[in-house]
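Engineer: Predicted coordinates and the sequence they were generated for:
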Amino acid sequence: MQKYILSCCSTADLTEEHLRAREIEYVCFHFLLDGKSYPDDLGKSIPFDKFYQSMAAGAETSTSQVNVDEFINHFTTYLDAGLDVLHVSLSSGLSGSYNAATIARSELLEKYPDRKLYIIDSLGASSGYGLLMDKLADLRDEGMGIDDLYVWADENRLKLHHWFFSTDLTFYVKGGRVSKPAGFVGALLNICPLLNMDRYGKLIPRAKIRGKKKVINEIVAKMKEFAVGGHKYFDKCYISNSACHKDAMAVADLVKAAFPKLCGDVRINSIGTTIGSHTGPGTVALFFWGEQRI
C-alpha cells in the first residue's frame, strides 16, 4: 500500500514528540506577543509557562491563521515527493484555516493531477482536534488507505466531544466574549463558565457554575453522560490546560476513577499559544469519544 501523509495544524495542541512518534506532520499558526511575531510551534519559540506569565502580566496578544501560500508550501513538500496528503484543519467555526487549505488544494491539484490531497474540517480544537488526529493515525497504522480514512474522518469527527471551563474570565472579557459587567459579577461570585463545542465547531456556553470544585466535578459528569459506553468507556481521553496543571490533574484523577477501562493514561497537554491567546491562563478542556454531538 502506498504511503500517504497525515497532516494537521499546530492548533491540535499535541507535543512535538507525540506528533513525530505518530508520524503526523503539522503547519504552524502565528501569534503576536506585544507586537512581536512568533510561530505557534508547540512551545519551541516561547515556552508555554513564559507565554502565560506574559499574558498574566498584561502582554498584548493576537493570532493569525495559516495562509494559502503557507499551505501550498507545506503540501508541495509531500506532493513533490510523490505522496498523497490528508490534512485536517482547525474548526471552521473558529478559524478560516479550512478555507485557506481548500483554496491551496484547488491550486495544487492543477499542478499535481495524479496526486490525492484531501482537506477535512475537524470541527474541533485543541487536544480534541489532537485526539481525532491520534485516532486517524491508529487507523492508518492498521492499514486503512487514504480514501477510506477521509470518509471515516468525515463521518466520525462529530463524535469527538469537547468540554471546557475557565476559572479566570479576564481574557474572555478582554476579547469581548464576556461583557465587562458579567465578568465583574462572575469574578465576584467565583463563577466558572462551562462550555462545549457544537456540531458546527463553535464554542457554546452551557452553564455558569459557582466554584472551581463544582465545575471540575461537573465537567467529569458531562463525560459520564456523553462518553460512549458510559463508565465502561474504553477509548482514549485527553485534557488540555492553560497554565493550570493542578486543575487539569484534578480532572484527570476523577476521570481515571470514573472510567477504569480507559485506553492508556489520561494525557494532559498544554493549550497552545494560538488558542491560549484567546483564553488566557486558567482554562481546562476535556476530550473524549461519544455519540454524535448536536
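Structural biologist: Received it, and whenever you're ready, just let me know what you need.

Engineer: now the strands for the stretch 1-150 of the chain?
Structural biologist: 4-9, 24-27, 30-33, 36-39, 61-64, 84-89, 117-121 (DSSP state E, counting those that start in this stretch).

Engineer: With S127 as the reference, name the closest of these.
Structural biologist: Closest of the strands of the stretch 1-150 of the chain to S127 is strand 4-9, at 11.5 Å (criterion: C-beta to C-beta). For the C-beta atoms, the positions are set from N, CA and C on the backbone; glycine is no exception.

Engineer: would you list the strands of the stretch 1-150 of the chain in TSV and tack on mean pLDDT and distance to L160?
Structural biologist: As requested, the strands of the stretch 1-150 of the chain are exported to TSV (pLDDT from 0 to 100; distance: least, C-beta to C-beta, whole Å):
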stretch	mean pLDDT	distance to L160
strand 4-9	98	13
strand 24-27	98	16
strand 30-33	96	25
strand 36-39	96	26
strand 61-64	94	23
strand 84-89	98	11
strand 117-121	98	12
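
Engineer: Tell me which of those strands lies nearest to C263.
Structural biologist: Once the strands of the stretch 1-150 of the chain are compared by C-beta to C-beta, strand 24-27 is nearest, at 18.2 Å.

Engineer: re the thing from before, okay, the strands of the stretch 1-150 of the chain in TSV with mean neighbour count and distance to D235 next?
Structural biologist: Below are the strands of the stretch 1-150 of the chain laid out as TSV (neighbours: other C-beta atoms under 10 Å; distance: least, C-beta to C-beta, whole Å):
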stretch	mean neighbour count	distance to D235
strand 4-9	23	19
strand 24-27	20	18
strand 30-33	19	32
strand 36-39	13	32
strand 61-64	16	31
strand 84-89	24	18
strand 117-121	21	20
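
Engineer: how about those strands in TSV, adding distance to T170?
Structural biologist: Below are the strands of the stretch 1-150 of the chain laid out as TSV (distance: least, C-beta to C-beta, whole Å):
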stretch	distance to T170
strand 4-9	26
strand 24-27	29
strand 30-33	16
strand 36-39	22
strand 61-64	12
strand 84-89	29
strand 117-121	30
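
Engineer: so which of those comes closest to W289?
Structural biologist: strand 84-89 (16.0 Å).

Engineer: what residue ranges in the protein are flagged as low confidence?
Structural biologist: 1-2, 171-189 (pLDDT under 70).

Engineer: mind listing what the residue nearest the centre of it touches?
Structural biologist: By C-alpha atoms, centre = their mean, the mean C-alpha position of the chain lies nearest to S126, the distance being 1.5 Å. With contact set as C-beta atoms under 8 Å, 6 or more residues apart in numbering, S126 has these partners: T11, A12, D13, H162, S240, N269, I271, G272, I275, A285, F287.

Engineer: what is the last one paired to in the beta sheet?
Structural biologist: Beta bridges link F287 to H162, Y238, judged by DSSP bridges.

Engineer: Hmm, it is touching I239, no?
Structural biologist: Yes - using C-beta atoms under 8 Å, F287 is in contact with I239, at 7.2 Å.

Engineer: burial measure for G229, as a count.
Structural biologist: For G229, the count of nearby residues is 12 (other C-beta atoms under 10 Å).

Engineer: cool, the one 10 residues further on as well?
Structural biologist: Burial of I239 is recorded as 23 neighbouring residues (other C-beta under 10 Å).

Engineer: Give me the domain ranges for this structure.
Structural biologist: Listed by automatic domain parsing, the domain ranges of the chain are 4-30+63-157, 159-289.

Engineer: returning to what we had before: touching both of F287 and I239, which residues are there?
Structural biologist: Contacts common to F287 and I239, judged by C-beta under 8 Å, 6+ apart, are S127.

Engineer: quick one: the residue nearest to the centre of the chain from F287, how far?
Structural biologist: 8 Å (C-beta to C-beta, to the nearest Å).

Engineer: which residues are common contacts for these two?
Structural biologist: H162, S240.

Engineer: how about the helices of the protein, start to end?
Structural biologist: With helices called from DSSP state H, the chain shows them at 16-21, 48-56, 68-79, 97-111, 126-141, 146-156, 170-174, 180-188, 212-226, 245-258, 273-279.
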